[in-house]
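Q: Build me a model:
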Amino acid sequence: MGDMTNSDFYSKNQRNESSHGGEFGCTMEELRSLMELRGTEAVVKIKETYGDTEAICRRLKTSPVEGLPGTTPDLEKRKQIFGQNFIPPKKPKTFLQLVWEALQDVTLIILEIAAIISLGLSFYHPPGESNEGCATAQGGAEDEGEAEAGWIEGAAILLSVICVVLVTAFNDWSKEKQFRGLQSRIEQEQKFTVVRAGQVVQIPVAEIVVGDIAQVKYGDLLPADGLFIQGNDLKIDESSLTGESDQVRKSVDKDPMLLSGTHVMEGSGRMVVTAVGVNSQTGIIFTLLGAGGEEEEKKDKKGKMQDGNVDASQSKAKQQDGAAAMEMQPLKSAEGGDADDKKKANMHKKEKSVLQGKLTKLAVQIGKAGLVMSAITVIILVLYFTVDTFVVNKKPWLPECTPVYVQYFVKFFIIGVTVLVVAVPEGLPLAVTISLAYSVKKMMKDNNLVRHLDACETMGNATAICSDKTGTLTTNRMTVVQAYVGDVHYKEIPDPSSINAKTMELLVNAIAINSAYTTKILPPEKEGALPRQVGNKTECGLLGFVLDLKQDYEPVRSQMPEEKLYKVYTFNSVRKSMSTVIKLPDESFRMYSKGASEIVLKKCCKILNGAGEPRVFRPRDRDEMVKKVIEPMACDGLRTICVAYRDFPSSPEPDWDNENDILNDLTCICVVGIEDPVRPEVPEAIRKCQRAGITVRMVTGDNINTARAIAIKCGIIHPGEDFLCLEGKEFNRRIRNEKGEIEQERIDKIWPKLRVLARSSPTDKHTLVKGIIDSTHTEQRQVVAVTGDGTNDGPALKKADVGFAMGIAGTDVAKEASDIILTDDNFSSIVKAVMWGRNVYDSISKFLQFQLTVNVVAVIVAFTGACITQDSPLKAVQMLWVNLIMDTFASLALATEPPTETLLLRKPYGRNKPLISRTMMKNILGHAVYQLTLIFTLLFVGEKMFQIDSGRNAPLHSPPSEHYTIIFNTFVMMQLFNEINARKIHGERNVFDGIFRNPIFCTIVLGTFAIQIVIVQFGGKPFSCSPLQLDQWMWCIFIGLGELVWGQVIATIPTSRLKFLKEAGRLTQKEEIPEEELNEDVEEIDHAERELRRGQILWFRGLNRIQTQIEVVNTFKSGASFQGALRRQSSVTSQSQDVANLSSPSRVSLSNALSSPTSLPPAAAGHLSEPLHGFRTQRE
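A: Presented below is the predicted three-dimensional model:
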């Protein structure tokens, strides 16, 4: 990292610089403050302070032509003084920080409290045991093994919590490490062209030093700040820094400032580097975002940026992960811009993922149920004890007996806590963590690098994907596939012999010379791969055409090197063409031109015929050519490029600045159709998405014909369907009202049918994504995934529920804003992400189904056991084995089920779908009934069935009985076989389907079985087990096998019949927006509005009730019950409409706070007509 102390030293000692052997004529601070000026200010400053850019080069000891000498000591010294071109990444969170974050989970907190209470109580031994005359309630005799083992329960729970926390933290930590690895790999690959010792070399961006002469060209992302020295037509898009979308023209005398992080939109030139790394403009912004912690102090010294605004953003950015807001609104804050934007840019995805929301809710629901159960247990025990002691046996309350009674009460309390502990699913957080971690690991193999864990699961719920075209759906390898040369339209690459030699020579020269010399086609890296295309892809396509014609462009270029080119008109979006003028040997000039065919053909007045001679080309010939050649090409999804030339006499030399006259009277050489082929696997991937209920939309900057053609090839649109293909302009016209404001209602009219958005700007993309996400048009809120590669896609990627950035073609900004990085830039990897996402969801549901069955049974057994026999048949340590070990392993087994293609056959679960569906509830309760029936049968008549001693009411300190061991063993066997049942959650019959594809599952089931044998046969006192005979074992296993048969019975019962089943873990409309998000993000919806909505609903319900009652009264009066009923019906419908209308006046005052319209949530409108009990449940 640039040596900060150094720079501070310099700023202090600027006066005695010479004494410090000031190598260079300007300090880092001076250059840095110079780079903060813009335009004319900067020119004036340079004139006043230095003279001109040449003088700055001299002071920096560099030559504008030769560059730096490039010797190591010189480079090292420059790095020492001016810093390196490297922005230090934000310090990763330490392992302990990650541990602390993992501890914030609700379920874990419930567990910790329960564990601490139970630990504390196990060590509490009150006095007064000796006093015999106090109580006779002998029930619940605990043997001392159990008493000593009391602490195990609490300790084991804490152990499970520690397990979960460490696993979570370790996951996050390794993920972070992986991501950093990828980042550094990407960074090493970035190279930039500089001149050193007169040679043009490509060096890694990090090696650039102050004083380097860098060559910039169309399409570059500038790696450092610098001053423009010379070049032609350089235009820069500085929107990433200033937010202004206009391109800025750079020139030595008007605006020579080139800033890092900006894009070269056209032209080329040279610059001298003046600031690198943390001192460049991008570096300063990254520092503001808290990327480099060490710079904080340094920034305080630099008072220039000290407006409170920046401070706020700093503290905020620190809480956040990633310098994600980097390029969104960077410089506004520095110029005292609006704090708003900064805040928005910094809003990281705060909201909990859908799954986490549902899980937390479920955990709380289960916790509440457990509390109720444990409270009842304690009350019953206390009542039983007091009634038995003081009423039945008429014992007086003696003062010396108080400690004993207290001890009894404490024991009851412990039993209560045990019930609570059994109720809470401790394996749940672990299952979630394991499942996500496993998926993320496997997704790496499927080319998905997941940056935010929850993105993986959100992806399973995705309902819409907005994809780029170039590079994602297509290969981004431009190839010429059709050509019109010498009056012939070739549908494939023509045979070289069929083209006239003169035409061929012109064609090769025109393409080779009139393209950036940095564009090349290199041999493939691997055998059998395609040649590598370097530079501008369209030009690569044309050069490839030259190679396909068995010609070579290298000799032409070496004969006419770049320095000899007389004049270059670079490509830009206005000209839509590029032209290069060269001097021929006879002193005359020739200009080669290429560009979009409709533009260039308008300027042609001749065309080369079959013999290579120019013939007249009239407007009507042109129209015919557009019809016969260009339109057919565009409809095949091709880009058409026209190549032409023009000769000028040597004297008088033409006026090169008068472009209109120069770019005219051209002679057309040929028109080619360039294809960017659709990736072969994309159509299949899109078909899978559509089958899975996901709409794919294409958002591209290409023209609408080409876009439509490619969309048809991909299968995004099918001819004859009802869909929309819009251009950006038309889209904007349709969604804005007269004032030019975007209206949600207008977007809602468009997006359901929109499939292709062509010629769209980044803002259009963001508008579309936001419009779809905020829409209340469908009953489920849409979950939108977006792919993007450019810096300009940043806002859309951040707004989307899941942002995919391209790993190869993507810019750093896009990657920073994304949730998942596609390491192979391929659309079909997105489908894999959907599959994994759905799998995570299903794995967790499977685990829940298993775990809750165990919990329901265990709680009821513990509860009834405690109340009837005052001693749970399942001892604490046994419960622990079942609860902790089996659950932990079960979560491993069920969470690592590999995804299958069948996951893509169902529609996405919405945000409101409960975690535990009715089918699952049926399974849980069904299996619980089976297990409880058998356990209670064994408990009360087991000793008769097996002819053994009863374990009930055994005297104190008796050895473990076979009876209770059989119960424990049976219980475990049933769980084991139920684990196999839990593999299916949608009521499928074949539970063994694909069981061998998951070796982990098989290992765990067999392993648990083996350990169970060991526990029962050799567990002894600690586990309260006594060894069993073989026939008893057989019975236990047989009863366990009954689970599988019973599973089939349950599958036969139709779920629809069981109306009483409730679902659990569902997010209601109201909880869609978590509280904290509301407070931070004013633009979403404010509290008043929300209250108002709720108020409205209640108000309408109230109205409706009164109306209903009045109707009833009237009906009785008139006796015409029929009409009343009819009237009532109509009143309800008219009311739901009133609701919609009424919400608008109430909106007027609030509409400023709210961008989206508030019509009542559909749920509310539905409930209006429901009778009173509906109202109650809604409130609960």
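
Q: all contacts plus neighbour counts: C-alpha atoms, from now on.
A: Will do.

Q: Where does the prediction get shaky in the stretch 851-1000 of the chain?
A: Residue ranges of the stretch 851-1000 of the chain with pLDDT under 70: 869-872, 876-877, 880, 884-886, 953-958.

Q: Show me where it has its helices.
A: Taking DSSP state H, counting those that start in this stretch as the test, the helices found in the stretch 851-1000 of the chain are 876-880, 887-895, 918-945, 962-981, 999-1018.

Q: helices or strands next to the second one in the packing?
A: Where contact means 3 or more Cα pairs under 8 Å, 6 or more residues apart in numbering; DSSP states H and E, helix 887-895 is packed against helix 427-445, helix 827-868, helix 999-1018.

Q: Quick check: buried residues in the shortest one?
A: Right, helix 427-445. 427-441, 443 (16 or more other Cα atoms under 10 Å).

Q: Mind picking the one among these that's closest to A895?
A: Of all the buried residues of helix 427-445, A895 sits closest to S435, with 4.7 Å by Cα to Cα.

Q: Surely that closest one touches T896?
A: Yes: counting by Cα atoms under 8 Å, S435 does reach T896; the two are 6.2 Å apart.

Q: Which neighbours do those two have in common?
A: S843 (Cα atoms under 8 Å, 6 or more residues apart in numbering).

Q: Now the helix or strand harbouring L768: buried residues?
A: Here L768, judged by DSSP states H and E, is contained in helix 762-774. Of the residues in helix 762-774, 762, 764-774 count as buried by neighbour count, 16+ other Cα under 10 Å.

Q: Touching whichever helix or strand comes after that helix from outside, list them.
A: Per DSSP H and E, the first helix or strand lying C-terminal to helix 762-774 is strand 784-788. Residues outside strand 784-788 that contact it (Cα under 8 Å, 6+ apart): 459, 462-468, 769, 772-773, 794, 796-797, 800-806, 810, 814.

Q: Identify the neighbouring strands of strand 784-788 in the sheet and state each direction.
A: strand 464-467 (parallel), strand 802-806 (parallel) (DSSP bridges).

Q: sorry, back to before: just the closest of the buried residues of helix 762-774 to P1027, please.
A: In terms of Cα to Cα, no member of the buried residues of helix 762-774 lies closer to P1027 than I773, at 61.5 Å.

Q: Run a quick check on that closest one versus Q782, I expect a contact.
A: Yes: using Cα under 8 Å, I773 is in contact with Q782, at 5.6 Å.

Q: Need the contact partners of the host helix or strand of M1034.
A: Assigned by DSSP H and E, M1034 belongs to helix 1030-1052. Residues outside helix 1030-1052 that contact it (Cα under 8 Å, 6+ apart) are 922-923, 926-927, 930, 946, 966, 969-971, 973-978, 980-981, 987-989.

Q: Next one: the residue sitting nearest the centre point of the chain from I935, what distance?
A: Centroid check for the chain by Cα atoms, centre = their mean gives D819 as the closest residue, at 2.9 Å. Separation of D819 from I935 (Cα to Cα, to the nearest Å) stands at 49 Å.

Q: residues contacting K602?
A: 619, 622.

Q: pLDDT at it, what is it?
A: Turning to K602, the model gives it a pLDDT of 89.

Q: related to what we said a few turns ago, how about the contacts made by the residue nearest to the centre of the chain?
A: D819 neighbours (Cα under 8 Å, 6+ apart): 450-452, 455, 802-805.

Q: looking at it, G951 is touching S961, isn't it?
A: Yes: using Cα under 8 Å, G951 is in contact with S961, at 5.5 Å.

Q: picking that back up, can you say which of the helices and strands packed on helix 887-895 is nearest to K411?
A: Here helix 827-868 is closest among the helices and strands packed on helix 887-895 (Cα to Cα), at 11.2 Å.

Q: hang on, the earlier thing: any idea which of the helices of the stretch 851-1000 of the chain is most buried?
A: Ranked by mean neighbour count, these are led by helix 887-895 with a mean of 26 (mean count of other Cα atoms under 10 Å).

Q: just to revisit the earlier point, save the strands paired with strand 784-788 as JSON lines, and put in mean pLDDT too.
A: Shown next, in JSON lines, are the strands paired with strand 784-788 (pLDDT from 0 to 100):
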{"stretch": "strand 464-467", "mean pLDDT": "92"}
{"stretch": "strand 802-806", "mean pLDDT": "90"}
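
Q: which one of these has the most crowded surroundings?
A: strand 802-806 (a mean of 29).

Q: hang on, the earlier thing: can you list the helices and strands packed on helix 887-895 in JSON lines and add distance to I116?
A: Converted to JSON lines, those look like this (distance: least, Cα to Cα, whole Å):
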{"stretch": "helix 427-445", "distance to I116": "18"}
{"stretch": "helix 827-868", "distance to I116": "20"}
{"stretch": "helix 999-1018", "distance to I116": "27"}
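
Q: and K537, which of the ones you listed is closest to it?
A: helix 827-868 (19.8 Å).

Q: by how many degrees do the closest one and helix 918-945 diverge?
A: Per axes from the mean of the first three to the mean of the last three Cα atoms, to 10 degrees, the angle that helix 827-868 makes with helix 918-945 is 40 degrees.

Q: helix or strand right after the helix or strand harbouring V600?
A: For V600, the host element (DSSP H and E) is helix 597-602. Note on helix 597-602: by DSSP H and E, the next helix or strand toward the C-terminus is strand 604-608.

Q: Distance from the chain centre to that next one, please.
A: Mean-position distance between strand 604-608 and its chain equals 53 Å (Cα atoms, centre = their mean, to the nearest Å).

Q: List the pairing partners of the very next helix or strand once past it within its sheet, with orientation.
A: Downstream of strand 604-608, the first helix or strand assigned by DSSP H and E is strand 614-616. Take DSSP bridges as the rule and strand 614-616 pairs in its sheet with strand 604-608 (antiparallel).

Q: List the contacts of the partner strand.
A: Residues contacting strand 604-608 (Cα under 8 Å, 6+ apart): 485-487, 503, 614-618, 644, 664-670.

Q: one more time with 6 Å
A: 486, 614-617, 665-669 (Cα atoms under 6 Å, 6 or more residues apart in numbering).

Q: just curious, which of the residues you listed is nearest to V568?
A: Lowest distance from V568 to those (Cα to Cα) belongs to L666, with 16.2 Å.

Q: Now tabulate the helices of the stretch 851-1000 of the chain in CSV and tack on distance to C1025.
A: Formatted as CSV, the helices of the stretch 851-1000 of the chain follow (distance: least, Cα to Cα, whole Å):
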stretch, distance to C1025
helix 876-880, 9
helix 887-895, 21
helix 918-945, 15
helix 962-981, 5
helix 999-1018, 6
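
Q: So which of those is nearest I582?
A: Of all the helices of the stretch 851-1000 of the chain, helix 887-895 sits nearest to I582, with 67.7 Å by Cα to Cα.
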